[in-house]
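Novice: Okay, here's the prediction I keep looking at, along with the sequence it came from:
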Amino acid sequence: MDSSTNSHIMSQSSHGQSPTTSESSSQPISDLEPTLDTDNTLPTAATLSKIQSFLVLDRTGKSHPFSSLYTGPHVPRRVLIIFVRHFFCGNCQEYLRTLSAAITPESLLRLPISTSIAIVGCGDPGLIDMYASATGCPFEIYADPTRKLYDELGMSKTLALGSRPAYMKKGLFRSSVESVMQGLRQLGSGLVTKAGDQRQIGGEFLFEPLGVMTPGSPFSEREKGLGGDRTQIGDGGSASAGQSVASLDGLPGQEEEFEPKKVTWCHRMRNTRDHAEIPELMEVLGLDQIAEPPKRSEDAKKKEKEDRHSRERWEKALEQRKGAGLSMAAQMSTMKVGAEDESTSPPPVA
């Protein structure tokens, strides 16, 4: 391995930063760059219209219009799209491990409105399988190596480390070493330098329909006059009704009508460890189970101290919110209560 490749692997994992305080501390760690003052303004209708045709790549390298991730045939009505950093980033990998343990496809299936999650990274699609295996992520993962989506959606670049979030159970050193090892294992594939821009940070964007309508009904029912509530959700822009986009396979000449969507909630990272915490995601998605802190596997000598710090970070995550906007969660809660009332009400008298 030449020195330039070795240097690239090291920079991808550690960014050249040295922590000046213990990883178990809840205090911010000294960074080479300050944490950014990021704006969580919801994307406008113009922005969504511009980016809907931008291409993302799946694990096979096949291209898909970005809009096919959140609207179109066989796509859930609500989709949370999480933009991560480069594919060797241990911080984001920890995030997806914690996310995958707390929010499962099965839990999303129990929601009254179809909901899913998709992941987008900024590296080569050839690393998606490695990334999925390393994180245990059950959700679809895509790549935007051009980073055009990151730019248009207002996600920034920084190497600032920030304070340790509640979703991280591994220490920075261990995470960095594992990232280096992942890079070394890619030497033969030629992908070691294609994980993505190490300075690029991401965020989370929730795409939802303009209104609840009839619970569980497909978009086509709106055209038949069966749609219900058209209440506007959030303040973000939406794509224009009546437009069409390419089907999921991206082939020309196979266009489908799509349900207009808008971003109702979003969060943009301010540093490399600033994803929205899991309790906040569960709240905006409408999941009502209690979010548990990630389980640790430290040796017995350190376990008690580390668990105490982990609990403190998790309690803070339960109270604080990073994102902005208003999702359908409250309306979905009302729908669930109504359904429960109907199931428990006595049968009508003949």
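Specialist: Everything's here; your move. Numbering: from 1, shown residues only.

Novice: hey, let's count contacts and neighbours off CA atoms from now on
Specialist: OK.

Novice: Tell me the pLDDT of residue 76.
Specialist: You'll see residue 76 listed with a pLDDT of 97.

Novice: for it, what are its contacts?
Specialist: Residues in contact with residue 76 (Cα atoms under 8 Å, 6 or more residues apart in numbering) are 70, 114, 115, 116.

Novice: ok, residue 102 - how many residues close by?
Specialist: By the criterion of other Cα atoms under 10 Å, residue 102 has 18 neighbours.

Novice: I meant residue 140, not that one.
Specialist: Neighbour number of residue 140 under other Cα under 10 Å is 16.

Novice: For it, name its beta-bridge partners.
Specialist: residue 118 (DSSP bridges).

Novice: Contacts only, for it.
Specialist: Residues counted as contacts of residue 140 (Cα under 8 Å, 6+ apart) are 117, 118, 119.

Novice: wait, isn't the first one in contact with residue 79?
Specialist: Same thing as residue 117. Yes: between residue 117 and residue 79 there is a contact at 5.4 Å, judged by Cα atoms under 8 Å.

Novice: Okay, now stretch 175-195: how far is its last residue from its first?
Specialist: Here the two ends of stretch 175-195 are set 16 Å apart, with distance taken as Cα to Cα, to the nearest Å.

Novice: With stretch 315-326 instead?
Specialist: End-to-end for stretch 315-326, by Cα to Cα: 23 Å.

Novice: pLDDT weak spots in the stretch 101-250 of the chain?
Specialist: Within the stretch 101-250 of the chain, the stretches with pLDDT under 70 are 173, 214-250.

Novice: residue boundaries of the strands in it?
Specialist: 115-121, 140-143, 203-209, 244-246 (DSSP state E, counting those that start in this stretch).

Novice: Just tell me which of those strands ends up closest to residue 264.
Specialist: Closest approach to residue 264 among the strands of the stretch 101-250 of the chain is made by strand 203-209 (6.0 Å; Cα to Cα).

Novice: export the closest one as PDB, just CAs?
Specialist: Taking Å, rounded to 0.1, in the frame of the first residue of the first chain, the C-alpha atoms of strand 203-209 are listed here in PDB:
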ATOM      1  CA  GLY A 203     -29.100  15.100   7.800                       C
ATOM      2  CA  GLU A 204     -32.700  13.700   7.900                       C
ATOM      3  CA  PHE A 205     -35.700  14.700   5.800                       C
ATOM      4  CA  LEU A 206     -39.200  13.300   6.300                       C
ATOM      5  CA  PHE A 207     -41.300  13.200   3.100                       C
ATOM      6  CA  GLU A 208     -45.100  13.000   3.700                       C
ATOM      7  CA  PRO A 209     -48.300  13.500   1.600                       C
END
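
Novice: so what secondary structure elements neighbour that strand?
Specialist: strand 78-83, strand 261-268 (3 or more Cα pairs under 8 Å, 6 or more residues apart in numbering; DSSP states H and E).

Novice: Need the winner for burial among the ones you listed.
Specialist: strand 261-268 (a mean of 27; mean count of other Cα atoms under 10 Å).

Novice: Tell me the first helix or strand C-terminal of that strand.
Specialist: Once the chain leaves strand 261-268, the next helix or strand it forms, by DSSP states H and E, is helix 278-285.

Novice: and the angle for that next one with strand 78-83?
Specialist: 150 degrees (axes from the mean of the first three to the mean of the last three Cα atoms, to 10 degrees).

Novice: Make TSV out of the strands of the stretch 101-250 of the chain and add distance to residue 102.
Specialist: TSV is the format used below for the strands of the stretch 101-250 of the chain (distance: least, Cα to Cα, whole Å):
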stretch	distance to residue 102
strand 115-121	13
strand 140-143	17
strand 203-209	16
strand 244-246	33
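
Novice: Out of the ones you listed, flag the one nearest residue 37.
Specialist: Closest among these, once you apply Cα to Cα, is strand 203-209, at 13.7 Å.

Novice: Partner strands of that closest one and their direction?
Specialist: strand 78-83 (antiparallel), strand 261-268 (antiparallel).

Novice: In JSON lines: these, plus distance to residue 177.
Specialist: Compiled in JSON lines, those are given as follows (distance: least, Cα to Cα, whole Å):
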{"stretch": "strand 78-83", "distance to residue 177": "23"}
{"stretch": "strand 261-268", "distance to residue 177": "27"}
